[in-house]
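Asks: What follows is a predicted structure for the sequence shown.
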Amino acid sequence: MELRSSRPRTTIVTLSQQAGVSASTVSRALKGDPRISLSVRERIARLAVDAGYMPNALARTLSSGRSGLLGLVLGPSSNPFYAMLLEEVVAQSAERGLRFLILHAGSGPIEDRTTEALLQYQMDGCLITSADMSSRAAEICAANGVPVVMINRVPRLHASSVSCDNAEGGASIAQHLLESGHRRAAVIHTGGASSNGIDRERGFIERFVTAGGCITSTFDGRSVYEGGHAAGYEIAAMAPERRPDCVFAVSDVIAMGVVDALRKAGLTVPTDISVAGFDSIPEAARAAYDITSFEQPIVAMVRRGLDLLVDRIAEPALPDEAIILRGRLIPRGSTRRG
């Protein structure tokens, strides 16, 4: 049976008839055009809400000048860490009555069209959990008063940030391996310009080499499982006297690929070679992998990031801030002890 509504569909034309103004005036009012007086915008907003033309939140937008929408930029779905981050952002945002629209998901830099979408949808701000901002994108946001906060990233300009102490995390992994008697390490990095990966690698190498260890080789893990898997095969193929006694991967998803490749090649983790990662994602903590990792304080990072964003929406003149939080080392069965 076909269901028909007894109420005709509300359009710009029917709203203009109710309001006693032209359709173009209604259209401009609904877009928040300041050329339309505030009283007229509010009256049209009320009519639109009563007619079911738009949600109440949009009516508030017309009177407050704010959309209540925030842009969200996510990392690639191939890395479970970003799923964890998204879940926490959604949970904490709901508690604050914030609403996010995903603008970008995946690897690679933020494109100018992503930034333009922030303006087209009149978003109040943007939360970035991955990717780098081009100088043009940053300038567009700054010029239009759109605050940007980066979580799990350190910005270069026009943004605030909350990140884990990545360099200290890398150093903690190095110290753990050194204390367990390891002296020959391979490092698997992201191969990109990610500040996280660079700082983790730098922290690890500085601590490991300063204490007398040796970096035997480095590999590009491309921030994906497959990259770690390829590197693991290369390590397994090395002659025993050349092979490192431990591997540090700058993310758990890379470390998981390494573990699988080493085992497939006939090596035992950690008896033959230890493997450590970073992020402490649930998948890497499962018994099948049991990967030693450095855990990022995701709950605290998201909380502080949302604080920074909300504060800058309320007070645009606030200066940018860069907050660094401490994580913690979680030793597991993928690294041998002593």
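Replies: Perfect, thanks for sending it. Keep in mind the model is a prediction, meaning the values are calculated, not measured.
Asks: tell me the contacts of R263?
Replies: V269 (C-beta atoms under 8 Å, 6 or more residues apart in numbering). In this view, the C-beta of every residue, glycine as well, is placed from N, C-alpha and C.
Asks: what about it, distance to D124?
Replies: Using C-beta to C-beta, to the nearest Å, R263 is found at 49 Å from D124.
Asks: And A167, by the same measure?
Replies: 33 Å.
Asks: if you count what's nearby, which of those two comes out ahead?
Replies: For A167 and D124, the more surrounded residue by other C-beta atoms under 10 Å is D124, and the numbers stand at 25 against 19.
Asks: Isn't the more buried one up against F100?
Replies: No. The criterion here is C-beta atoms under 8 Å, and D124 misses it with F100 at 10.8 Å.
Asks: joint contacts of these two?
Replies: Common neighbours of D124 and F100, counting by C-beta under 8 Å, 6+ apart, are 69-70.
Asks: Now G227: which helix or strand?
Replies: In this structure, G227 sits in helix 225-236 according to DSSP states H and E.
Asks: Are there helices or strands packed against that helix, and which ones?
Replies: Counting contacts by 3 or more C-beta pairs under 8 Å, 6 or more residues apart in numbering; DSSP states H and E, helix 225-236 packs against strand 184-189, strand 214-220, strand 246-249, helix 252-264.
Asks: helices or strands up against the second one?
Replies: Looking back up the chat, that one is strand 214-220. strand 184-189, helix 195-210, helix 225-236.
Asks: what residue is smack in the middle of the chain?
Replies: T129 (1.8 Å; C-alpha atoms, centre = their mean).
Asks: before we move on, back to that, quick one: closest of the helices and strands packed on strand 214-220 to R286.
Replies: Among the helices and strands packed on strand 214-220, helix 225-236 comes nearest to R286, with 14.3 Å by C-beta to C-beta.
Asks: From the helices and strands packed on helix 225-236, pick the one with the highest average neighbour count.
Replies: The highest mean neighbour count among the helices and strands packed on helix 225-236, using mean count of other C-beta atoms under 10 Å, belongs to strand 246-249: a mean of 32.
Asks: what distance separates that strand from the centre of its chain?
Replies: Here strand 246-249 is found 24 Å from its chain centre; the criterion is C-alpha atoms, centre = their mean, to the nearest Å.
Asks: Direction included, what does it pair up with?
Replies: strand 184-189 (parallel), strand 274-276 (parallel) (DSSP bridges).
Asks: now that strand: mean pLDDT?
Replies: This predicted structure assigns strand 246-249 an average pLDDT of 98.
Asks: who's in contact with that strand?
Replies: 170, 173-174, 177, 182, 184-188, 204, 221, 228, 231-232, 235, 255, 258, 273-278, 335.
Asks: what do you get for stretch 276-286?
Replies: Applying C-beta under 8 Å, 6+ apart, the external contacts of stretch 276-286 come out as 80-81, 84, 166, 169-170, 173, 176-177, 200, 246-256, 289, 291-296, 330, 332, 334-335.
Asks: and the helices and strands packed on helix 225-236 as JSON lines, adding distance to I324?
Replies: Shown next, in JSON lines, are the helices and strands packed on helix 225-236 (distance: least, C-beta to C-beta, whole Å):
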{"stretch": "strand 184-189", "distance to I324": "20"}
{"stretch": "strand 214-220", "distance to I324": "25"}
{"stretch": "strand 246-249", "distance to I324": "21"}
{"stretch": "helix 252-264", "distance to I324": "21"}
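Asks: out of those, nearest to G68?
Replies: Judging those by C-beta to C-beta, what sits closest to G68 is helix 252-264, at 34.2 Å.
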